[in-house]
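In: The sequence and its predicted three-dimensional model are supplied below.
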Amino acid sequence: MPKDAPPRWDRRMQQRLARGEAAALGELYDRFASLVHSLAQRVLDDEDAADQITRDVFGHVWENPQAYDPKEGSMRAWIARLTNRRAVHRLRQSEAAALAEGGGTVEELELKVHRAAAVARADYIVTSMPAPLREALELAYFQRRDYRQTARQLGVTEDEARRRLRLGLQLLSTANTATTGYPAGSVPGPGTEHGSTR
């Protein structure tokens, strides 16, 4: 997946967090809290659990700013990756507890976790894409724009809008088998209603 060089903001933010600047954590929270919460909510379908994941992620970032490696991509992508891992782990724990109480079968548990992991992987891929591709996909999937409307809204040609959407979809298709083993075309992507993925 192509990676943008992390902006200076990311490197400065890491340095500020490493110095223990509480204002830096507040700024980071303001910028990414809604992203973290929405990613966790899509995996867990539980507002309280998403709130807890949000607190956990920012607590981890505050305590471990050195864990962010700018060579691996943007801070936004790192935070999204932390969120998705924690959300899938929490889902696995809660489903295993339900299974132990007689709530379903092992196969149902595994299917639910695999589907949630696929959603998380797709969300992470979109989150870590270069901004022009991400913006085009968000318009097409979340706001249901066609490529002509996407072109107008982004201020680019229709050919460029089609190119961005095609590249974005190619990157998104890697969610199909990268972590879940699902065949191509079977993994829900951005804009899929959460209830239909569970």
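Out: Thanks, I have it.
In: Now the element after the worst-scoring helix or strand of the chain on mean pLDDT, going C-ward?
Out: Lowest by mean pLDDT, DSSP states H and E among the helices and strands of the chain is helix 106-128, with a mean of 78. Next in sequence after helix 106-128, counting helices and strands by DSSP states H and E, comes helix 131-137.
In: Buried residues, that next one. List them.
Out: Judged by neighbour count using 16 or more other CB atoms under 10 Å, the buried positions of helix 131-137 are Pro132, Leu133, Arg134, Glu135, Ala136, Leu137. All C-beta spots, glycine's among them, are computed from the backbone N, C-alpha and C.
In: out of the residues you listed, who's nearest Glu110?
Out: When the buried residues of helix 131-137 are compared for distance to Glu110 (CB to CB), Leu137 wins out at 28.8 Å.
In: State the distance from the closest residue in space to Ala136 that isn't next to it in sequence to Arg134.
Out: Distance criterion CB to CB, 6 or more residues apart in numbering; nearest residue to Ala136, sequence neighbours excluded, is Arg164 at 3.9 Å. For Arg164, the distance to Arg134 equals 9 Å [CB to CB, to the nearest Å].
In: can you check Arg92 too?
Out: Arg92 is 28 Å from Arg134, by CB to CB.
In: Equivalent analysis for Arg145, please.
Out: Counting by CB to CB, the gap from Arg145 to Arg134 is 14 Å.
In: Show me which residues of stretch 74-85 are buried.
Out: Ser74, Met75, Arg76, Ala77, Trp78, Ile79, Ala80, Arg81, Leu82, Thr83, Asn84.
In: So which of the residues you listed sit within strands?
Out: Among those, no member falls in strands (DSSP state E).
In: Adding distance to Ala118, write those residues out as TSV.
Out: Below are the buried residues of stretch 74-85 laid out as TSV (distance: CB to CB, whole Å):
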residue	distance to Ala118
Ser74	22
Met75	24
Arg76	21
Ala77	18
Trp78	21
Ile79	20
Ala80	15
Arg81	15
Leu82	18
Thr83	15
Asn84	11
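In: any low-confidence regions in the chain?
Out: Across the chain, the ranges flagged by pLDDT under 70 are 1-6, 103, 175-198.
In: if you go through it in chain order, where are the helices?
Out: Using DSSP state H, the helices of the chain run over 8-18, 22-44, 47-63, 75-100, 106-128, 131-137, 147-154, 158-172.
In: Of all those helices, which one comes closest to Asp69?
Out: Closest approach to Asp69 among the helices of the chain (CB to CB): helix 75-100, 7.8 Å.
In: okay, the angle between the closest one and helix 22-44?
Out: 40 degrees (axes from the mean of the first three to the mean of the last three CA atoms, to 10 degrees).
In: now for helix 75-100, which elements pack on it?
Out: Here helix 75-100 touches helix 8-18, helix 22-44, helix 47-63, helix 106-128, going by 3 or more CB pairs under 8 Å, 6 or more residues apart in numbering; DSSP states H and E.
In: any idea of the angle that helix forms with helix 8-18?
Out: Using the same axes, to 10 degrees: helix 75-100 against helix 8-18 is 60 degrees.
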